[in-house]
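Asker: Could you look at this predicted model? Sequence included:
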Amino acid sequence: MKFLVAGVSTRALAQSALRAGYQIAAVEHFGDRDLAGRVECRSLLRDRGTSFSARALPALAAGLDYDALTYVSNLENHPEVVRELAGGRPVYGNSPEVLQQARHWPTLRRVCAEEGLTMPDTLFPGEETRAASGVDWLRKPTASGGGHGIRLWDGHRLEPGWYVQAWTPGVSASAVFVANGKQSVVLGLSEQIIGDARLGAHGFRHCGNIFPLAPELGGGLALRTAVEDLVARLTRRFGLCGVGGVDFLVSADQAGLPQPILLEINPRPTASAELIEESGLASIFDVNVKAQSGFLPPRPAEQPDPEYFAKGVVFARNLSVIPQTSAWMTEGLRDVGFPGDQILPGRPVCSILTRGRARQGALDGLYAAARTLWQNIRHNGKPS
């Protein structure tokens, strides 16, 4: 069986598939060097010279031979594109019908209320007058992804396609899970790196993860148990299937125990899933495929003295040109462009993977690699 992997950036899931022995093709935006040389890959950027549009992927995939579909960000926001890409073939992951419910924010708000799950106060167009005063509200796009477009709300009327959530203090975290439509297994919890200037990001831009979630940030058995309950309830209510993720804030309940405050469901393999695979806990593509037949892996055992794995996305600070990148992939760099590629300020240059015996060591490794990367690009790059 040959799978088509589709989305903005398919490299991580495609490499997982290759390691597990699956045959795949890919359609995506970037067409980076560490993907294009290993699988049949069509890229909107390289083959069409266009910016990313999920709706352009079916035309890009026309003529490709594949038997089944799986997908990554941001196709969870485009169930009609998932349906068109599948073209009657099996979908390994959540069906378009599940996506229409799980990514429908009013439905998620209602389900959380019915299941007793904690979610920040969330308001939609027409509900602006219910916004409590003295609270900071964040304006977010309903078709969210990676923190794009999130801003402090100025109180003006919301347009269709936007909602607001009450800003809530807590540690930004995420969980990777696999589900079979009825049951779920949480594969791991990770810290989210948000808006870190040392990686070239700002605001609410997602720019990486550290796995596992450190005890000093709330990670531990109590939180994991609460997240497992949260994911189990969402799985039953929405019929979630395959590898997915939830974003949440780590707060404390009235008894002082850590609790997850749900921000959103990501019903497809997430960026942090690569760290689960890097740690050796699971083959993400393989468990995603097997979940379709109902199989779930055992719950990962707690590690008393874990090694930490970090993944960071480095963004360009200035107009940059990619230098020779032959050695990059052996230096822990991923999503690697081709020599001569021009990167605009604020756009991703590549991803970096590091590891360490402590959280801070893995994080410091990210920052050091980012500094080296910028020096390398600054030395080789020139304005066009």
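Answerer: That came through, no problem. Note that the coordinates shown come from a computational prediction; the quantities given were computed from them, not determined experimentally.

Asker: would you list every one of the strands in the stretch 51-200 of the chain?
Answerer: Secondary structure of the stretch 51-200 of the chain, counting by DSSP state E, counting those that start in this stretch: strands at 68-71, 122-123, 137-141, 151-152, 162-166, 171-180, 184-194.

Asker: contacts for the second one?
Answerer: I take that to be strand 122-123. Under the contact criterion CB atoms under 8 Å, 6 or more residues apart in numbering, strand 122-123 has outside partners 105, 109, 130-131, 137, 158, 163-166. In this view, the C-beta of every residue, glycine as well, is placed from N, C-alpha and C.

Asker: Could you give the average pLDDT over that strand?
Answerer: For strand 122-123, the mean per-residue pLDDT is 96.

Asker: now it, how far from the chain's geometric center?
Answerer: 23 Å (CA atoms, centre = their mean, to the nearest Å).

Asker: ok, back up a step: top of the contacts of strand 122-123 by neighbour count?
Answerer: Val164 (24 neighbours; other CB atoms under 10 Å).

Asker: beta partners for it?
Answerer: Counting by DSSP bridges, Val164 is bridged to Leu123, Arg139.

Asker: which non-adjacent residue is nearest Pro90?
Answerer: Closest residue to Pro90 apart from its sequence neighbours, by CB to CB, 6 or more residues apart in numbering: Ala68 at 4.5 Å.

Asker: actually Gly242, not the one I typed
Answerer: Closest residue to Gly242 apart from its sequence neighbours, by CB to CB, 6+ apart: Gly93 at 3.8 Å.

Asker: From Gly245, how far off is that neighbour?
Answerer: Relative to Gly245, Gly93 is positioned 12 Å away (CB to CB, to the nearest Å).

Asker: Find residues that contact each of these two.
Answerer: Common neighbours of Gly93 and Gly245 (criterion: CB under 8 Å, 6+ apart): Pro269.

Asker: Pick out whichever of the contacts of strand 122-123 sits closest to Pro260.
Answerer: Nearest to Pro260 among the contacts of strand 122-123: Gln165, at 14.9 Å, using CB to CB.

Asker: Okay, the residue nearest to the closest one when sequence neighbours are not counted and Ala68: tell me how far apart.
Answerer: Leaving aside its chain neighbours, Gln165 sits nearest to Pro120 (4.5 Å; criterion: CB to CB, 6+ apart). Distance, Pro120 to Ala68, by CB to CB: 37 Å.
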